[in-house]
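Novice: no sequence on this one, just coordinates:
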């Protein structure tokens, strides 16, 4: 049940970031603070109540950190902001006047799966 909470929050962040509401730094840091508190609760539950699944509460925090790291890499490599792309979505729908390319798809796939994989590794290791 706990892992569903972490994944649900990640999907909420993806939904918010898809519509470009997350780009202002103030809003990003508010979300980062909220996700840090949720991650702290997960670590607390793992440490003091021995709930193994509580590592999945780290997913939102890992997602936001990976978002910034991958975004910086994307901007260095491609020279523009990444677009979280959806199935049959065009960049014109997001106000970007460029075509979606392979980098946008890789960016989206990595952000969708890496936080869950990293949390799963933590669950199996510790």
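Specialist: Alright, I've got the coordinates. Only a predicted model underlies this, so the values are computations on that prediction, with no experimental measurement involved.

Novice: what ranges of the chain fall below the confidence cut-off?
Specialist: 1-3, 14-23, 86-98, 126 (pLDDT under 70).

Novice: which stretches of it form helices?
Specialist: Under the criterion DSSP state H, helices of the chain are mapped to 2-18, 25-48, 59-78, 102-125.

Novice: how about JSON lines for those, with distance to residue 84 and mean neighbour count added?
Specialist: Quick note: C-beta positions are derived from backbone N, CA and C, even for glycine. Formatted as JSON lines, these follow (distance: least, CB to CB, whole Å; neighbours: other CB atoms under 10 Å):
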{"stretch": "helix 2-18", "distance to residue 84": "5", "mean neighbour count": "17"}
{"stretch": "helix 25-48", "distance to residue 84": "14", "mean neighbour count": "15"}
{"stretch": "helix 59-78", "distance to residue 84": "9", "mean neighbour count": "17"}
{"stretch": "helix 102-125", "distance to residue 84": "5", "mean neighbour count": "16"}
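
Novice: Among the ones you listed, which comes closest to residue 85?
Specialist: Distance to residue 85, taken as CB to CB, is lowest for helix 102-125 among those, at 4.7 Å.

Novice: just checking, what packs against the closest one?
Specialist: Identification of packing neighbours for helix 102-125 by 3 or more CB pairs under 8 Å, 6 or more residues apart in numbering; DSSP states H and E yields helix 2-18, helix 59-78.
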